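> generate coordinates for the sequence data below:
(2 chains)
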2 protein chains.
Amino acid sequence: MPNVAIVGATGAVGQEFLKILAERNFPVDELRLLATKRSAGKKIAWQGRELEVQETTPDSFKNIDIALFAGGSSSTEFAKPAVESGAVVIDNSSAFRLDPEVPLVVPEVNPEDVKWHKGIIANPNCSTIIANVALKPIYDLAGIKRVVVSTYQAVSGAGREGIEELEAQARAKANGDEIISKVFPYQIAFNLIPRIDIFQEGDYTKEEWKMVKETRKIFHVPDMAVTATTVRVPVFRSHSESINIETERKVTVAEVKEALGKAPGVIVVDNPAKDQYPMPLYTSDTDEVYVGRIREDFSIEKGLNIWVVGDQIRKGAATNAVQIAELLLK
Amino acid sequence: MPNVAIVGATGAVGQEFLKILAERNFPVDELRLLATKRSAGKKIAWQGRELEVQETTPDSFKNIDIALFAGGSSSTEFAKPAVESGAVVIDNSSAFRLDPEVPLVVPEVNPEDVKWHKGIIANPNCSTIIANVALKPIYDLAGIKRVVVSTYQAVSGAGREGIEELEAQARAKANGDEIISKVFPYQIAFNLIPRIDIFQEGDYTKEEWKMVKETRKIFHVPDMAVTATTVRVPVFRSHSESINIETERKVTVAEVKEALGKAPGVIVVDNPAKDQYPMPLYTSDTDEVYVGRIREDFSIEKGLNIWVVGDQIRKGAATNAVQIAELLLK
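Model (predicted):
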């Protein structure tokens, strides 16, 4: 059984790694929990074991087979030392995703890319993963000419602190107290912030470019036409996306629903007569990507509109990384 | 000076009518407040007058010149009696919007349509008004081939009860109490509901069809390619919209910003260096439509992405109707 390290074990994604490894009965000999100095010494119970969090250093990875990096700056600092120690790194940060030497993998879309890794496998951006799981069956069915996506992203994308800030702001509003914003640049409770990550080329945010560039890499279509507008919403942990798709081939909504219904990792929730469609509140803490509001887009010859929801911490981060680890073990 | 009636005077839009008539110094001789029987007898102070709410009946419109209908079922019941009494009805419901005998007017877009009314002028859907004010300068500049819109709509779209439900649910969450949903089909606090109004043809909602069909009518382009996905978000009173536009003519972002900057009713808020973009929390209780995140869409030859925010109760409803009334007086 492999020895596994979790880097960033005390954060929102790190804690989810622990849950998901247990739920999926991932075979683990030693489980080593790593975090910043501040969290070192903290005790965490897991599967009948008591584990003590250690500070991450370049020497933390001896005898580790798989290192799950939860994200953030620790990847830039420790991914290479981990690889040099002989571990395979599955990295949830954006540091290596567009590196041509690093596979970027969504197991439902491009599992074969795991094979050519050179020590690091990148876990895509959360919104990208969720969109791509829904796009794959449509791509296989009809080809994809163009994608226009608008996101509705949960505060968990900013980690545990993001969740706590929304809770605190909602409580302050209820109690008539002052609302304080530290994690987000403006109040997020009862508001929307149409800027995630930093601004880059063309006044797109880095989050928007991630969706464009990562999708192209995952699908192996370097010129796939994708555009995105990414927006933070006052929801705790599932991301939602309104996706408009122009397909290569004309398909019916019935064909699309059938393809999505058979696709791995996808649950179709689309029953207008029963008022059923995916919603972030009710899909949190699950591993699947939910697709509904599946409609023909009558404004073009070969168009579709879909509404996609998935748990940002699970399928958007931790679950996808553990699925990559499972592919490695095969 | 005209005699003015407000039908639905005690609701969210009705109350806003009172504020806006006062703010804009709209000339009013008699102001008659009408509502359901339940509200009759209620006293409302306005501009130094004390007004008593009366029950709306077919006979309520004697000597009334302009009747502002706040929306809902009262329009179907009382708009025609009002016209027969000699009033011009400005109607905020969806009852007459697509009637070819009724002009549908956004003063910044098609003010000339006021002229051919036959007693009723329809006020468009809130999301449609907000989108169309932003689209008009782009249409004039470059022509519009296709519009793909995803909305982020405030709870005020469901009236005063919608606002109260979000407040109550947020308070219940803060206090650990049970969360009760009456106005919306599911919990809206910390959630998104991708269904507004009833389901219709092609599994589009009526709200989505309103955006498509009303936009075509307002722009006098019966085959304009428009598609929409409309979503309720936990925000109190400004609607936001992510709009992707394919123009007829290639234009630069600078040209678009200049055109929007000069357009009536539009405020451009788009300064990435200063982290400035429109947000619903900070645009509530104002009359303008705010446009930001203006970008070239690199996925097609002539594409744009914009982010548009406007107060649903004001420009999305009451202000637009009062502006129509001002056009009538000219």
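> any idea which element residue A:216 lies in?
Assigning secondary structure by DSSP states H and E places residue A:216 in helix A:206-219.
> dump that helix to PDB, keeping only the CA atoms.
Taking Å, rounded to 0.1, in the frame of the first residue of the first chain, the C-alpha atoms of helix A:206-219 are listed here in PDB:
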ATOM      1  CA  LYS A 206      -6.800  34.700 -14.300                       C
ATOM      2  CA  GLU A 207      -9.800  32.500 -13.300                       C
ATOM      3  CA  GLU A 208     -11.400  33.200 -16.800                       C
ATOM      4  CA  TRP A 209      -8.100  32.400 -18.600                       C
ATOM      5  CA  LYS A 210      -7.800  29.200 -16.600                       C
ATOM      6  CA  MET A 211     -11.200  28.100 -17.900                       C
ATOM      7  CA  VAL A 212     -10.200  28.900 -21.500                       C
ATOM      8  CA  LYS A 213      -6.600  27.500 -21.500                       C
ATOM      9  CA  GLU A 214      -7.100  24.500 -19.200                       C
ATOM     10  CA  THR A 215     -10.200  23.300 -21.100                       C
ATOM     11  CA  ARG A 216      -8.200  23.400 -24.300                       C
ATOM     12  CA  LYS A 217      -5.300  21.400 -22.700                       C
ATOM     13  CA  ILE A 218      -7.600  18.800 -21.100                       C
ATOM     14  CA  PHE A 219      -9.500  18.200 -24.400                       C
END
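> so for it, what's the average pLDDT?
The average pLDDT within helix A:206-219 is 98.
> okay, now the sheet partners of the host helix or strand of residue A:242, with direction.
Per DSSP H and E: residue A:242 is located in strand A:238-247. According to DSSP bridges, strand A:238-247 has the following sheet partners: strand A:144-152 (antiparallel), strand A:303-311 (antiparallel).
> which of those strands sits most buried?
Among the strands paired with strand A:238-247, the stretch with the highest mean neighbour count (mean count of other CB atoms under 10 Å in any protein chain shown) is strand A:303-311, at a mean of 27. Backbone N, C-alpha and C define where each C-beta goes, glycine included.
> between helix B:206-219 and that strand, find me the angle.
Between the axes of strand A:303-311 and helix B:206-219, defined by axes from the mean of the first three to the mean of the last three CA atoms, to 10 degrees, the angle is 140 degrees.
> quick check: mean pLDDT of strand A:303-311?
98.
> which strand residues bridge the residue in the stretch 1-150 of chain A that chain B sits nearest to?
Nearest to chain B, among the residues of the stretch 1-150 of chain A, is residue A:150, at 3.8 Å (CB to the nearest CB). Taking DSSP bridges as the rule, residue A:150 bridges to residue A:229, residue A:242.
> for it, give its distance to residue A:227.
10 Å (CB to CB, to the nearest Å).
> next: residue A:36.
Residue A:36 is 37 Å from residue A:227, by CB to CB.
> neighbour count: those two, which is higher?
residue A:227 (25 against 16; other CB atoms under 10 Å in any protein chain shown).
> thought that one was touching residue B:297?
Yes. In terms of CB atoms under 8 Å, residue A:227 counts as a neighbour of residue B:297; the distance is 4.6 Å.
> surely residue A:293 is within a strand?
Yes. Counting by DSSP: H, G, I helix; E, B strand; the rest coil, residue A:293 is located in a strand.
> nearest residue to it other than its sequence neighbours?
What sits nearest to residue A:293 in space, not counting adjacent residues and going by CB to CB, 6 or more residues apart in numbering or on different chains, is residue A:307, at 3.7 Å.
> gap between that neighbour and residue A:316?
From residue A:307 to residue A:316 the distance is 16 Å (CB to CB).
> can you check residue A:8 too?
Using CB to CB, we find residue A:8 at a distance of 15 Å from residue A:316.
> what's the span of stretch A:114-124, first residue to last?
Using CA to CA, to the nearest Å, the end-to-end distance of stretch A:114-124 comes to 13 Å.
> ok, residues contacting that stretch?
A:79, A:83, A:87-92, A:96-97, A:99, A:101-106, A:129, A:132, A:210, A:214, A:218, A:317, A:320-321, A:324, A:327-328 (CB atoms under 8 Å, 6 or more residues apart in numbering or on different chains).
> what about those residues, which are in helices?
A:79, A:83, A:129, A:132, A:210, A:214, A:218, A:320-321, A:324, A:327-328 (DSSP state H).
> ok, and which of those residues reach chain B?
Checked against chain B using CB under 8 Å from any CB of the partner chain, these yield no neighbours at all.
> in JSON lines, list those residues along with distance to residue B:12.
JSON lines is the format used below for the ones in helices among the contacts of stretch A:114-124 (distance: CB to CB, whole Å):
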{"residue": "A:79", "distance to residue B:12": "53"}
{"residue": "A:83", "distance to residue B:12": "59"}
{"residue": "A:129", "distance to residue B:12": "40"}
{"residue": "A:132", "distance to residue B:12": "41"}
{"residue": "A:210", "distance to residue B:12": "39"}
{"residue": "A:214", "distance to residue B:12": "42"}
{"residue": "A:218", "distance to residue B:12": "45"}
{"residue": "A:320", "distance to residue B:12": "43"}
{"residue": "A:321", "distance to residue B:12": "46"}
{"residue": "A:324", "distance to residue B:12": "50"}
{"residue": "A:327", "distance to residue B:12": "53"}
{"residue": "A:328", "distance to residue B:12": "56"}
